[in-house]
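[1] here is my input; please provide its structure:
(one chain, ligands or ions: 2)
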Amino acid sequence: MIVAIDGPSGTGKSSTSKAVAAQLGLSYLDTGAQYRAITWWMLSNGVDVADQEAIAAAADKPSIVSGTDPRQPAISADGLDASGPIRTQEVTAAVSAVSAVPEVRARITELQRMIAAEAGGGIVVEGRDIGTTVLPGADLKVFLTASPEARAARRSGELKTTAGRPVTDLAATQQALTARDKADSSRKTSPLKKADDAVEVDTTELTLEQVIECVVTLVEKAAARKAEAEPVEEAAR
Ligand SMILES: Nc1ncnc2c1ncn2[C@@H]1O[C@H](COP(=O)(O)OP(=O)(O)O)[C@@H](O)[C@H]1O
Ligand SMILES: Nc1ccn([C@H]2C[C@H](O)[C@@H](COP(=O)(O)OP(=O)(O)O)O2)c(=O)n1
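    Ligands and ions are numbered 1, 2, ... in the order given. As a prediction, this is how the structure comes out:
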């Protein structure tokens with residue numbers, strides 16, 4: 001059972017995918033974390049992230065390893081735990097440029113396909129181009145959306161100081177998010193796009209619990225369709 005969950009930032013991909021995978025006993029892959037990890041590696045190793053050729057030349061160098069347990073997401077670059085550093089503003093600001101480079105996408109896409117092929121019991125893979133490019137044969141494709149206002153409010157809600165006040169203002173968060181969406185949607189190689197056969201779920205007015213329930217139902221229906229279809233395929237051989 002392969003489930004592809006795509007959509008822009010702040011639509012709930014990570015929270016939904018982790019919960020659905022944990023609930024249904026599936027593996028989980030956060031492909032954004034992989035692009036963030038390679039970006040962090042480039043920043044830490046003196047690669048000029050404004051120079052596409054330098055990025056392309058370094059694309060094969062780091063070893064990027066992802067954990068696939070939805071209860072313990074893990075990501076490392078050259079053996080170093082990247083889970084903290086990949087969430088910094090510095091990485092967030094550079095990740096769209098690094099992930100637009102075709103050599104980076106080819107490298108990471110190959111890794112993603114290997115991980116999905118090795119996940120025996122099935123996997124939920126979340127990102128931007130999973131349904132369109134990485135796993136076009138997925139058993140279920142979901143495309144999450146939400147208004148820019150809702151997405152910015154969710155993101156800035158994560159960026160609290162210990163005093164409980166947001167560290168960035170809402171308008172700045174929304175502006176950065178919209179700029180990243182634009183870059184991710186307009187790049188030449190494998191842009192952020194809804195696959196024609198994806199189910200679109202607008203999460204603006206839904207709670208996270210409602211979104212999880214909705215996707216669990218979609219996965220269960222897709223699994224039933226798959227189970228019905230397979231004996232027919234067997235008989236046809
Ligand atoms: N339907 C929802 N309603 C309210 N908050 C949500 C909803 N879905 C996700 N969130 C919150 O929004 C933030 C961003 O969610 P996340 O899953 O990281 O989105 P994405 O992976 O699409 O960027 C998280 O803090 C999460 O708890
Ligand atoms: N399949 C993917 C996943 C992410 N990316 C790129 C584009 C995104 O802006 C960055 C970061 O993705 P991530 O899912 O971590 O971003 P958010 O959690 O939505 O802020 O990586 C991509 O190009 N293709």
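[2] where does pLDDT dip in this structure?
    Within the chain, the segments meeting pLDDT under 70 span 159-168, 232-237.
[3] please redo it, this time with the cut-off set to 90
    The model of the chain has pLDDT under 90 over residues 120, 155-173, 229-237.
[4] show me what contacts the residue nearest the centre of the chain?
    By C-alpha atoms, centre = their mean, the chain has its centre lying nearest to Gly127, at 2.5 Å. Taking C-beta atoms under 8 Å, 6 or more residues apart in numbering, we find Gly127 in contact with Ile5, Asp6, Lys13, Asp30, Thr31, Gly32, Gln112, Val134. Bear in mind the C-beta positions are built from the backbone N, C-alpha and C, glycine included.
[5] and for it, nearest residue in space, chain neighbours not counted?
    Setting aside the residues directly before and after it, Gly127 is nearest to Thr31 in space (C-beta to C-beta, 6 or more residues apart in numbering), at 3.5 Å.
[6] so how many other residues sit close to that neighbour?
    Thr31 has 25 neighbouring residues, counting by other C-beta atoms under 10 Å.
[7] that one and Gln112 touch, don't they?
    Yes. Thr31 is in contact with Gln112 according to C-beta atoms under 8 Å; the separation is 5.7 Å.
[8] picking that back up, so how far is Gln210 from the residue nearest to Gly127?
    Distance from Thr31 to Gln210, counting by C-beta to C-beta, to the nearest Å: 24 Å.
[9] what parts of this structure come near ligand 2?
    Contact residues (C-beta under 6 Å from any ligand atom) of the chain with ligand 2: 9, 14, 31-33, 35-36, 95-96, 99, 127-130, 180, 184.
[10] of those residues, which is the most crowded?
    The most crowded member of the residues of the chain next to ligand 2 is Ile130, carrying 30 neighbours; neighbours defined as other C-beta under 10 Å.
[11] look up how far Ser96 lies from that one.
    Distance of Ile130 to Ser96, computed by C-beta to C-beta: 17 Å.
[12] just Ile86 next, same as before
    Separation of Ile86 from Ser96 (C-beta to C-beta) stands at 14 Å.
[13] close to ligand 1: what parts of the protein are there?
    Proximity of the chain to ligand 1, by C-beta under 6 Å from any ligand atom, involves residues 7, 9-15, 154, 157-158, 203, 206-208, 211.
[14] cool, thanks, signing off.
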